[in-house]
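In: Sequence plus predicted model, see below.
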Amino acid sequence: MSRTPSTRWTRFWLTPGDPTTLAFMRIMTGVLALYVHLCYCFDLRTFFGPNAFWDLPAVNAEREGFPFAAPHWDWQELTGNIRPPEAPHRRIAVMSFLRSLPDDPRDREFQLQYLYKIVPNANPIGVVQAMSFIERLPRDPVERGKRLDLIIDLKPNAQNPSPEIPPFLQELPMEPPEVRQFARLAVVRFWSLLPKDIDERRYILDYIQEMTPDSRDRFLKFITNMPSDTAERMKILDYVDLWMVDPSQLHAKGKPVWSLYFHITSPAGMWAVHIGVLIVLFLFTIGLWTRVTSVLAWMGIMCYIHRTELVLFGMDTMMNILMIYLMIGPSGHALSVDRLIERKRLWKYHLSKGGPMDPAIRERLANPQKTVLANFIQRMIQIHFCFIYASSGLAKLKGDSWWNNNAMWLTLCNPEFCPFPIPGYETLLYEIASHRPLYSIIVTGGVAFTLLVEIGLPFLVWTRMRPYIVIGGVLLHTGIAFVMGLTLFSLLMMLLLLSYLPPNVFREQFRLAKNLPKLKLRYSKSDPDQVVVAARLGAMDGGSQIEFDGTGDTMELTLPNNEKVTGGAIASAASRNLAWMQSLGWMLIPFKWLFRPRG
């Protein structure tokens with residue numbers, strides 16, 4: 001066999017694979033998803049109702065207005081035309097000032113000529129002096145008039161400049177006098193626009209002086225370019241107030257998220273949706289109509305994730321990743337009701353024609369069909385997990401706590417996560433902290449083990465070290481579940497680790513014992529109803545216990561003790577003797593009528 005890189009690459013991705021690993025991951029993912037969404041039953045409206053923690057108006061504002069900047073072809077970040085202060089009290093003052101400006105753009109520029117034409121924008125020191133001058137102007141009109149008159153009367157004196165007038169105003173020419181008169185009027189007009197409250201005025205002046213020259217130019221152009229229509233201008237300023245960006249600079253607005261809970265807010269409607277999602281998740285877990293229920297289950301889970309983005313955690317991310325891959329891959333081709341239906345169809349085809357069983361049918365009954373898609377999706381999960389671990393491990397190297405060995409101890413002592421209510425946990429930490437050698441071994445060993453597993457797995461998992469590094473990952477997430485309380489997140493990460501196990505590991509766990517007791521079923525292959533019931537029994541016969549005889553007139557089942565049963569007793573007798581039905585009998589009670597002959 002060729003060992004060229006292209007052949008290895010093709011074999012890695014495109015070799016037909018057994019879907020049993022994906023099937024087991026489907027069952028466990030479905031169980032965990034069901035558990036999570038059953039827990040939502042206790043606080044359904046608290047999490048997802050119109051007045052939830054993240055209420056519907058806030059959700060709608062984000063999904064309709066969230067800013068997306070246009071993509072760049074260079075490495076320069078988007079320079080915003082305006083960015084209000086982040087502190088709420090300062091932002092309120094600045095936005096109130098902007099809303100109070102005149103409607104006409106020419107009037108706005110006229111009223112702000114102090115900023116546009118007088119202040120030396122390119123000189124940061126001059127800008128600070130200009131804003132300080134405005135802030136220090138007396139509140140008394142008479143005193144303020146005297147101070148402003150100095151702009152006109154004060155002669156330039158480089159050796160002894162006046163402390164009351166900034167240098168850039170003192171340096172204005174005395175002739176013609178209109179120059180200084182214009183400057184005085186510009187100061188008066190700017191002063192009249194500012195709020196009377198001293199703190200609010202200072203917030204606005206600080207905001208202007210703290211800008212870079214380029215940002216100040218953009219800010220003034222933004223003011224000039226605002227529309228004259230009051231409603232349109234208020235709409236723009238409201239958007240700036242909420243999202244801190246000029247909407248004219250955006251590529252798009254809104255988030256591409258969807259949830260039924262955006263639209264259904266009544267208690268009855270929400271419960272109907274929630275129960276529907278629970279039913280779909282149950283059907284997905286048992287593998288019934290998996291191609292449809294997997295898509296519906298993923299869509300249902302996304303309804304909850306998109307509605308509660310503020311409380312999302314790693315668990316939701318991992319669940320979403322698993323659901324996407326299991327939805328695309330043939331996760332219902334094994335360990336599922338769909339597989340039983342497939343086996344029933346194969347048995348029905350064989351039993352209706354009689355004779356020796358076709359080898360192809362025998363193989364399909366014994367093993368699920370191998371497909372390229374099954375192997376491809378399993379490989380995708382493996383590669384994806386490598387990226388998750390590599391990014392997590394390398395990101396840890398950027399933190400000082402992972403270099404000075406404090407990360408493990410900080411985790412053990414974090415009251416938000418650690419199980420302090422468990423008796424003895426706090427005492428254990430005191431004992432560890434009381435013995436320096438023990439403390440060093442635990443914290444240093446924990447840091448080294450975490451980094452080794454997360455950074456090493458993407459490389460070692462493809463070697464003979466795979467079993468050991470996978471076990472290391474399981475141990476790591478067991479520790480995370482215990483110490484940090486992230487149980488569901490850890491279980492979902494362990495499920496992703498299962499993708500590295502070959503299908504035969506799971507098939508061996510579900511393989512039935514040999515030398516099982518034999519049964520004989522006589523039926524009439526010319527009677528379609530008897531063929532259907534016989535096919536159903538054949539589908540449930542995973543241990544090849546039943547010998548089929550299609551030459552009978554009525555359906556009759558011979559038990560290992562040679563007792564013969566007919567009619568409705570066949571279902572009960574089969575459930576007591578078939579190994580699969582014995583292990584799943586409690587689940588099949590509602591469906592025993594399927595194995596009862598008609599008539």
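Out: That came through fine. Predicted, not measured: the structure shown is a model, and the values here were computed from it. Residues are numbered from 1 along each chain as shown.

In: only C-alpha atoms for contact and neighbour calcs from this point on.
Out: OK.

In: For the stretch 351-500 of the chain, which segments are assigned as helices?
Out: 359-366, 372-396, 400-403, 407-412, 425-434, 436-460, 466-484, 487-497 (DSSP state H, counting those that start in this stretch).

In: my bad, should have said the stretch 151-300 of the chain
Out: Along the stretch 151-300 of the chain, counting by DSSP H, counting those that start in this stretch, helices occupy 167-170, 178-193, 198-209, 213-225, 230-243, 267-286, 290-307.

In: Please identify the helix or strand for residue 133.
Out: helix 124-136 (DSSP states H and E).

In: quick one on the thing from earlier: would a markdown table of the helices of the stretch 151-300 of the chain with mean pLDDT and distance to residue 41 be doable?
Out: Output for the helices of the stretch 151-300 of the chain, formatted as a markdown table (pLDDT from 0 to 100; distance: least, Cα to Cα, whole Å):
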| stretch | mean pLDDT | distance to residue 41 |
| --- | --- | --- |
| helix 167-170 | 84 | 68 |
| helix 178-193 | 91 | 55 |
| helix 198-209 | 94 | 48 |
| helix 213-225 | 92 | 49 |
| helix 230-243 | 94 | 33 |
| helix 267-286 | 96 | 8 |
| helix 290-307 | 95 | 12 |
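
In: Output those in CSV; the columns should cover distance to residue 403 and mean neighbour count.
Out: CSV is the format used below for these (distance: least, Cα to Cα, whole Å; neighbours: other Cα atoms under 10 Å):
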stretch, distance to residue 403, mean neighbour count
helix 167-170, 52, 19
helix 178-193, 54, 17
helix 198-209, 39, 18
helix 213-225, 39, 16
helix 230-243, 37, 16
helix 267-286, 43, 19
helix 290-307, 35, 21
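
In: Distance to residue 573 added to these, as TSV?
Out: Putting the helices of the stretch 151-300 of the chain into TSV (distance: least, Cα to Cα, whole Å) gives the following:
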stretch	distance to residue 573
helix 167-170	104
helix 178-193	93
helix 198-209	84
helix 213-225	83
helix 230-243	69
helix 267-286	24
helix 290-307	30
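
In: wait, which of these is closest to residue 552?
Out: Nearest of those to residue 552, taken as Cα to Cα: helix 267-286 at 34.9 Å.

In: residues in contact with the closest one?
Out: Residues from elsewhere that reach helix 267-286 (Cα atoms under 8 Å, 6 or more residues apart in numbering): 26-31, 33-34, 37-38, 45, 49, 260-261, 264, 289-290, 293-294, 296-297, 300-301, 336-337.

In: One more: stretch 291-309?
Out: Applying Cα under 8 Å, 6+ apart, the external contacts of stretch 291-309 come out as 47-48, 54, 59, 257-262, 277, 280-281, 283-284, 312, 316, 320, 323-324, 326-327, 330, 332.

In: nearest to residue 433, of the helices of the stretch 151-300 of the chain?
Out: helix 290-307 (40.3 Å).

In: and the direction of the helix or strand just after the closest one versus that of helix 290-307, what angle?
Out: Next along the chain after helix 290-307, taking DSSP H and E as the criterion, comes helix 314-328. Between helix 314-328 and helix 290-307, the angle comes out at 150 degrees (axes from the mean of the first three to the mean of the last three Cα atoms, to 10 degrees).

In: Which secondary structure elements does the helix holding residue 133 sit against?
Out: helix 198-209 (3 or more Cα pairs under 8 Å, 6 or more residues apart in numbering; DSSP states H and E).

In: Just the C-alphas of the helix it packs on, formatted as PDB.
Out: Written as PDB, here are the backbone C-alpha positions of helix 198-209 (Å, rounded to 0.1, in the frame of the first residue of the first chain):
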ATOM      1  CA  ILE A 198     -20.200  72.700  37.300                       C
ATOM      2  CA  ASP A 199     -19.600  69.000  37.200                       C
ATOM      3  CA  GLU A 200     -21.400  68.400  33.900                       C
ATOM      4  CA  ARG A 201     -19.500  71.300  32.300                       C
ATOM      5  CA  ARG A 202     -16.200  69.800  33.500                       C
ATOM      6  CA  TYR A 203     -17.100  66.400  32.100                       C
ATOM      7  CA  ILE A 204     -17.700  67.900  28.700                       C
ATOM      8  CA  LEU A 205     -14.500  69.900  28.700                       C
ATOM      9  CA  ASP A 206     -12.500  66.900  30.000                       C
ATOM     10  CA  TYR A 207     -14.000  64.800  27.200                       C
ATOM     11  CA  ILE A 208     -12.900  67.300  24.500                       C
ATOM     12  CA  GLN A 209      -9.400  67.900  25.800                       C
END
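
In: Give the other helices and strands that that helix contacts.
Out: Packed next to helix 198-209, using 3+ Cα pairs under 8 Å, 6+ apart, are helix 88-99, helix 124-136.

In: Wasn't residue 121 part of a helix?
Out: No: counting by DSSP: H, G, I helix; E, B strand; the rest coil, one finds residue 121 to be coil, located in no helix.

In: Phi first, then psi, for it.
Out: For residue 121, the backbone dihedrals are phi -60, psi -30 (criterion: degrees, to the nearest 10).

In: list the contacts for it?
Out: 115, 127, 213, 216, 217.

In: Any stretches of the stretch 51-200 of the chain with poor pLDDT?
Out: 156-162 (pLDDT under 70).

In: can you rerun that using 80?
Out: 70-79, 154-164 (pLDDT under 80).

In: Quick one: distance of stretch 241-254 to the chain centre.
Out: Mean-position distance between stretch 241-254 and its chain equals 23 Å (Cα atoms, centre = their mean, to the nearest Å).

In: List the buried residues for that stretch?
Out: 241, 243, 244, 245, 246, 247, 250 (16 or more other Cα atoms under 10 Å).

In: Now do the end-to-end distance for it.
Out: Stretch 241-254 has an end-to-end distance of 16 Å (criterion: Cα to Cα, to the nearest Å).

In: can you pull the alpha-carbon coordinates of stretch 68-82 into PDB?
Out: Provided in PDB are the C-alpha atoms of stretch 68-82 (Å, rounded to 0.1, in the frame of the first residue of the first chain):
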ATOM      1  CA  PHE A  68     -20.700  45.500  12.900                       C
ATOM      2  CA  ALA A  69     -17.800  47.500  11.400                       C
ATOM      3  CA  ALA A  70     -16.900  47.200   7.700                       C
ATOM      4  CA  PRO A  71     -14.000  44.700   7.200                       C
ATOM      5  CA  HIS A  72     -10.500  46.100   6.600                       C
ATOM      6  CA  TRP A  73      -7.800  45.200   4.100                       C
ATOM      7  CA  ASP A  74      -5.100  46.500   6.400                       C
ATOM      8  CA  TRP A  75      -4.100  46.100  10.100                       C
ATOM      9  CA  GLN A  76      -5.500  49.500  11.100                       C
ATOM     10  CA  GLU A  77      -8.300  49.400  13.600                       C
ATOM     11  CA  LEU A  78     -11.500  51.300  13.000                       C
ATOM     12  CA  THR A  79     -11.100  54.900  14.200                       C
ATOM     13  CA  GLY A  80     -14.500  56.000  15.400                       C
ATOM     14  CA  ASN A  81     -15.900  59.400  14.600                       C
ATOM     15  CA  ILE A  82     -17.200  59.600  18.100                       C
END
